[in-house]
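K.L.:
Sequence and predicted model, in that order:
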Amino acid sequence: MSAADEPATLGDINEDGLLAGIFPGLPTSDRVLIGPGDDAALLQVRTGATLATTDTMVLNRDWRDEWSTGYDVGHKLVTQNVADVAAMGGRCTGLLVTLVADAATSLTWVRAFNDGLCQAAVDAGTAVLGGDLSSAPVGVRMVSITALGEFEAGVSPVRRSGARVGDVVAVSGGLGRAAAGLLLLQRGREQDAPHLVDFQRRPVTDYAQGPAAARSGATAMLDISDGLVRDAGRIAAASGVLLAIDDAVLRSDVDDLAPYVGDQARQCVLAGGEEHTLLATFPSQSVPAGWRVIGSVEAGSGVTVGGEQHSGGGWDHFSA
Ligand SMILES: Nc1ncnc2c1ncn2[C@@H]1O[C@H](COP(=O)(O)OP(=O)(O)OP(=O)(O)O)[C@@H](O)[C@H]1O
Ligand SMILES: Cc1ncc(C[n+]2csc(CCOP(=O)(O)O)c2C)c(N)n1
Ligand SMILES: [Mg+2]
């Protein structure tokens with residue numbers, strides 16, 4: 001076949017042709033009894049309960065092709081989903097992937113998306129079980145994952161509703177990096193801090209901290225997707241308590257970002273989404289290694305930062 005005949009877009013190849021190229025490289029595990037290619041996958045489960053969560057990304061709402069490659073999008077989609085499983089204290093066992101795209105979408109983009117997705121799935125130790133393809137009107141592209149998960153023996157789910165007065169509030173990683181990276185892309189200043197822009201494109205979460213927190217007795221947990229204060233407010237509301245965040249502890253996070261985003265650094269730390277760092281509450285003696293205490297649980301409602309009630313800001317899909 002000459003180069004001119006090589007299929008270049010989804011419109012040049014049929015569904016079966018695309019899938020036949022994708023199936024052989026998908027990560028699997030010894031628990032995948034039936035993998036991609038039949039009407040449904042069959043996954044061996046160890047426990048009597050399955051975690052299930054889903055998360056979607058839409059072109060020009062969740063990413064821009066000028067800013068992120070197909071590889072970045074596939075990688076980030078896995079992180080968003082596996083972080084949700086980890087935020088319950090679970091371990092991800094399998095992923096179902098949906099791609100909705102117009103026929104003019106380049107095969108190069110689709111292959112890169114699949115490569116990023118597979119690499120992130122391998123990094124997370126999970127399998128791709130199958131998915132769905134559908135076409136879209138010109139200019140529309142949407143990708144989605146449904147993730148399944150389970151608990152290690154003896155670990156119970158950590159919900160948002162268990163925070164108790166006297167607990168401490170802690171995070172498993174950094175804050176504000178993804179938001180600072182987005183700001184640099186919007187300003188056309190990505191060369192100022194490639195590490196922050198890379199984190200926006202492909203956020204990384206230490207998933208093992210979810211089960212570790214559950215084993216240590218975490219009373220509430222979630223992953224920060226819409227902003228620290230907004231998401232802390234979700235734990236506060238579900239638990240009927242107030243989360244008091246210590247301003248001084250966050251100073252190092254703000255200082256790390258300030259050279260690159262100036263006076264927006266504090267806003268990135270308090271309201272930046274897409275970080276996927278885990279936020280949890282623990283009895284004060286039970287904070288595991290790798291977690292950083294940033295506040296305490298008190299009687300009341302809502303979230304305070306440095307003693308002041310804080311409304312949060314943060315991301316809302318329908319207000320953005
Ligand atoms: N269209 C829907 N129908 C039914 N339930 C939904 C729908 N959209 C969201 N939910 C449920 O609402 C809750 C909040 O959803 P959301 O996607 O905000 O999850 P999150 O964990 O807070 O955010 P993220 O997925 O970004 O980490 C979840 O329990 C989710 O299953
Ligand atoms: C082009 C473009 N515009 C805006 C953003 C920012 N953004 C998108 S979704 C989200 C919150 C998490 O969503 P979810 O709760 O669905 O995981 C944020 C902060 C972006 N990444 N790309
Ligand atoms: Mg979540």
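P.N.:
Yes, it's here. Ligands and ions are numbered 1, 2, ... in the order given.
K.L.:
The residue of the stretch 101-250 of the chain found nearest ligand 3 bridge partners, please.
P.N.:
Nearest to ligand 3 in the stretch 101-250 of the chain, going by C-beta to the ion, is residue 223, at a distance of 4.4 Å. To be clear about C-beta, it is placed using only N, CA and C from the backbone, and glycine gets the same treatment. Listed beta-bridge partners, residue 223: residue 278 (assigned using DSSP bridges).
K.L.:
Now do the contacts for residue 200.
P.N.:
When contacts are counted by C-beta atoms under 8 Å, 6 or more residues apart in numbering, residue 200 is found next to 177, 178, 179, 180, 181, 182, 184, 185, 274.
K.L.:
Same question for residue 280.
P.N.:
Applying C-beta under 8 Å, 6+ apart, we find residue 280 in contact with 158, 169, 170, 171, 172, 213, 218, 219, 220, 221, 222, 291.
K.L.:
I'd like the residues you listed written out as a markdown table, with distance to ligand 2, pLDDT and neighbour count added.
P.N.:
Shown next, in a markdown table, are the contacts of residue 280 (distance: C-beta to the nearest ligand atom, whole Å; pLDDT from 0 to 100; neighbours: other C-beta atoms under 10 Å):
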| residue | distance to ligand 2 | pLDDT | neighbour count |
| --- | --- | --- | --- |
| 158 | 19 | 98 | 26 |
| 169 | 20 | 98 | 27 |
| 170 | 21 | 98 | 23 |
| 171 | 17 | 98 | 24 |
| 172 | 17 | 98 | 26 |
| 213 | 20 | 98 | 30 |
| 218 | 21 | 98 | 29 |
| 219 | 23 | 98 | 23 |
| 220 | 18 | 98 | 27 |
| 221 | 16 | 98 | 27 |
| 222 | 11 | 98 | 21 |
| 291 | 22 | 98 | 22 |
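K.L.:
In helices, which of the residues you listed appear?
P.N.:
Counting by DSSP state H, the part of the contacts of residue 280 found in helices is residue 213.
K.L.:
what number of residues lie near the residue of the stretch 101-250 of the chain at minimum distance from ligand 2?
P.N.:
Residue of the stretch 101-250 of the chain nearest ligand 2, by C-beta to the nearest ligand atom: residue 225 (4.2 Å). Neighbours of residue 225 under the rule other C-beta atoms under 10 Å: 21.
K.L.:
Residue 279 is in contact with that one, correct?
P.N.:
No. With contacts counted by C-beta atoms under 8 Å, residue 225 stays clear of residue 279, the gap being 10.2 Å.
K.L.:
and for those two, which residues touch both?
P.N.:
Common neighbours of residue 225 and residue 279 (C-beta under 8 Å, 6+ apart) are residue 231.
K.L.:
and residue 258, how far is that from ligand 2?
P.N.:
20 Å (C-beta to the nearest ligand atom, to the nearest Å).
K.L.:
Ok, residue 27 next?
P.N.:
Residue 27 is 23 Å from ligand 2, where distance means C-beta to the nearest ligand atom.
K.L.:
Quick check: residue 221 vs ligand 1, distance?
P.N.:
Distance of residue 221 to ligand 1, computed by C-beta to the nearest ligand atom: 11 Å.
K.L.:
oh sorry, the question was meant for residue 41
P.N.:
In terms of C-beta to the nearest ligand atom, residue 41 sits 21 Å off from ligand 1.
K.L.:
helix/strand/coil for the nearest residue to that residue once chain neighbours are set aside?
P.N.:
What sits nearest to residue 41 in space, not counting adjacent residues and going by C-beta to C-beta, 6 or more residues apart in numbering, is residue 129, at 3.8 Å. What DSSP: H, G, I helix; E, B strand; the rest coil gives for residue 129 is strand.
K.L.:
so who does residue 129 touch?
P.N.:
32, 35, 36, 41, 43, 94, 95, 96, 148.
K.L.:
Which ones among those residues lie within strands?
P.N.:
32, 43, 94, 95, 96, 148 (DSSP state E).
K.L.:
pLDDT on the helix or strand harbouring residue 75, on average?
P.N.:
Assigned by DSSP states H and E, residue 75 belongs to helix 70-86. The pLDDT scores in helix 70-86 average 98.
K.L.:
With that, I have no additional questions.
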